[in-house]
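> dropping the sequence and predicted coords here.
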Amino acid sequence: MKRIKSLLFGLVLGITMFEIANASSISVVSNKTNVTVGDTFKVTVTVNNVGTAAGTIGAWEYCLSYNEAMVTLTDGAVCVNDGVVNLVSPTKTYTFKAKASGTSVISLKNAAAFDTITEENTNPSVGGVTIKARTQSEIQASYSTNDYLKDLSVTDYTISPAFNKNTSEYSLEVENEVSTININATKEDSSARVNGVGEKNLLEGNNKFEIVVTAEKGNKRTYVINVNRKELNPIKRTYNNEEYSVVRKVEGIEVPSYYGEIAITIDGEEVPAWKSEITGYTLIALKDNEGNVKFFSYDNDTIIPYVQVNAPEINIIVIDNENKIKGFDKEKDVTINNNTIKGYVNENNEDYVLIYGMNSTNGEKAWYLYDTKENTFQRYNDKMEVKSDKKENNLYFLLTIVFAGISGIAIILMILLMNSNSKIRKKNEKLIGLIEEKKEKREQKIANRFESFSDLKDDELKELEETIRLQREANKEENIDSEEENKEEPEKVITNVEEEIINNIAKANDKSFDEDDEVVSNNNEVQEDNDEKEDIEAEDIDIEDIMENNESDNVKKEETNTVTFTQKLISEPVNQSMSKRELRRLEKMKRQEEKDELKKMQEDFFRTEEHPVIVDEKEEVEDIEKVNEHSNNNYSNNYSKMNKKNKKKRK
């Protein structure tokens, strides 16, 4: 019976072990479960119980399942079909990127694991991972703002007043022998950070310690403990109306480089000090009423603040210097290493501050250029200044040359203009001389001509004019009769001989008139300017009125053919206010009128039946000259009278 029970127990146990050996699973894990939108994270899928022996997994397949609206697969295949035959790893790593705020589950679907021997699907269990994504603003909004302390204390001492998280300042006093204390603090929120706790060195007098609590969100709260270490006979000094005490317990004080500790006597007591063989300075430590320690240069009981700027390649001891560098005239305070330093800047660029100081490594004093953007120093030497001066001098020199050149050009232009004006003036003077000369010649010629006409008698002139008038009337009547006859018979043609005689007479007559017209024309052009002045002085009549009167007179002459220009001058008095220019115009009109009338009279003469015989050319010219002499004589007499009256009026 016992034997049967043992066999049955072994059979059940073997079956159970076989099922356990054939159990398969596929796990899914992530390196991050809380991510920020935009961050990437990795998910690892592992097929377990993989092998080649009986009861192990020889092949598997699955596909990733995830919310594509929440995350994005950036690396790896979505579906896998592998096995040990392919010599592949049963572990796959995928890279995802969170694209939206929210929760996403990454798991597997269609998963199968096949037995190595039987090749049957073992229906593996499948795992999954949950990813929570938030935006940066959502994460920050979830941060804690708790910046309180739960407790604050000093080991072996009691602070005053008793701690309260809303009280920010406490005090404590210890004996002179105590050189260190230990500050303890407990934060109220586990996500907050606390700075300023632990062991602290004490100097004589007041020592100020700050404990800063920073909340997860970034807001801060500061607690202060003032620990007063009792002093024995404190040594006081004053600088800029602020009282300081000499530090005699200097444990934990950071001393500037290249300074060695020595002892000096102040007020009969020995106190610690530091001296540099390079700079020659002696330093002492002074503490203000708030417990802040500063170094001062000490020399024969005179103290000056010691400011050393530590740059990557140089350490500078700032020294006051009242001398200024050209171009850096504006004072400006700049903060370097928690020290406020007076410097000088250029008004056009305040990024560079000029500071005077000593190099602590070699003791050389010089100006240094501090770059407020890069926080670097560069020595500002004399060469830079000379170079700057040279640039300015070159600029001034260039401007001087340009100004001199412009001035020279202006002077040359003025000289040329003056020379041109001088030439124009000389030319005008010469022209005026020529005008005067021509004027004199013309007046002399006119006077000579008028003098030759003085012997003529008025009755002869009247007789000649009467003859011309009668001839015109006769011609007019004949022209009327001729027009009637022309309707029946052609007009009588003037022979070539007659035409040649007429032309010769006209040429002779034109020559006589043209000589006078040329004189008048030349004098018109030369004396134009002088006539304008004389016209202004005289009370001239309107030129247009004269022209209109002349035109109306010409119309009357054409209609009547009885009143000539010469008769008009004789019968009507000359206007006293006529200018010379107007008289010349009248004279020219009169001459043209006489030429036209004479030519017409000659043509009419040869057309009449009363003069069929061709007269001698010389006789015709003599007749014409007589007519001209009578006309000119009459005109000259009137012109002379008018000229005399105008001169009297101008005087």
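Received it, and whenever you're ready, just let me know what you need.

> going forward, measure contacts between C-alpha atoms and count neighbours the same way
Fine.

> would you mark the buried spots in the strand or helix carrying Ile181?
For Ile181, the host element (DSSP states H and E) is strand 180-187. Judged by neighbour count using 16 or more other C-alpha atoms under 10 Å, the buried positions of strand 180-187 are Ile181, Ile183, Ala185, Thr186, Lys187.

> just stretch 218-229 next, same as before
Lys220, Arg221, Thr222, Tyr223, Val224, Ile225, Asn226, Val227, Asn228, Arg229.

> and of those, the nearest to Gly405?
Lys220 (70.1 Å; C-alpha to C-alpha).

> quickly list what the closest one is bridged to.
Taking DSSP bridges as the rule, Lys220 bridges to Thr214.

> what sits against it?
Asp147, Val212, Val213, Thr214 (C-alpha atoms under 8 Å, 6 or more residues apart in numbering).

> quick check: closest non-adjacent residue to the third one.
On the basis of C-alpha to C-alpha, 6 or more residues apart in numbering, the spatially nearest residue to Val213 that is not a chain neighbour turns out to be Val194, at 4.6 Å.

> now name the helix or strand holding the one you found.
Since the elements are taken from DSSP H and E, Val194 ends up inside strand 193-195.

> just checking, what packs against that strand?
strand 180-187, strand 205-214 (3 or more C-alpha pairs under 8 Å, 6 or more residues apart in numbering; DSSP states H and E).

> just to revisit the earlier point, rebuild the buried residues of strand 180-187 as JSON lines, extending it with distance to Thr72 and pLDDT.
Listed next are these as JSON lines, based on distance: C-alpha to C-alpha, whole Å; pLDDT from 0 to 100:
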{"residue": "Ile181", "distance to Thr72": "56", "pLDDT": "95"}
{"residue": "Ile183", "distance to Thr72": "51", "pLDDT": "96"}
{"residue": "Ala185", "distance to Thr72": "46", "pLDDT": "96"}
{"residue": "Thr186", "distance to Thr72": "44", "pLDDT": "96"}
{"residue": "Lys187", "distance to Thr72": "41", "pLDDT": "95"}
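
> so Ser191: helix, strand or coil?
coil (DSSP: H, G, I helix; E, B strand; the rest coil).

> wait, it sits on Gly218?
No: Ser191 is beyond contact range of Gly218, at 10.8 Å (criterion: C-alpha atoms under 8 Å).

> returning to what we had before: neighbours of the residue nearest to Val213, how many?
Val194 has 19 neighbours, counted by other C-alpha atoms under 10 Å.

> tell me the pLDDT of it.
We have a pLDDT of 96 for Val194.

> I'd like the distance between it and Ala215.
From Val194 across to Ala215, the span is 9 Å (C-alpha to C-alpha, to the nearest Å).

> and the two most separated of the buried residues of stretch 218-229?
Going by C-alpha to C-alpha, the pair spanning the buried residues of stretch 218-229 furthest: Lys220 and Arg229, at 28.7 Å.

> and the end-to-end length of stretch 282-296?
So stretch 282-296: terminal residues 8 Å apart, C-alpha to C-alpha.

> pull out the buried positions in it.
Thr282, Leu283, Ile284, Ala285, Leu286, Lys287, Asp288, Gly291, Val293, Lys294, Phe295, Phe296.

> what about the longest helix in the chain?
Longest helix in the chain, counting residues (DSSP state H): helix 382-453.

> check the average confidence over it, would you?
72.

> what does stretch 38-58 give?
Computed over stretch 38-58, the average pLDDT equals 84.
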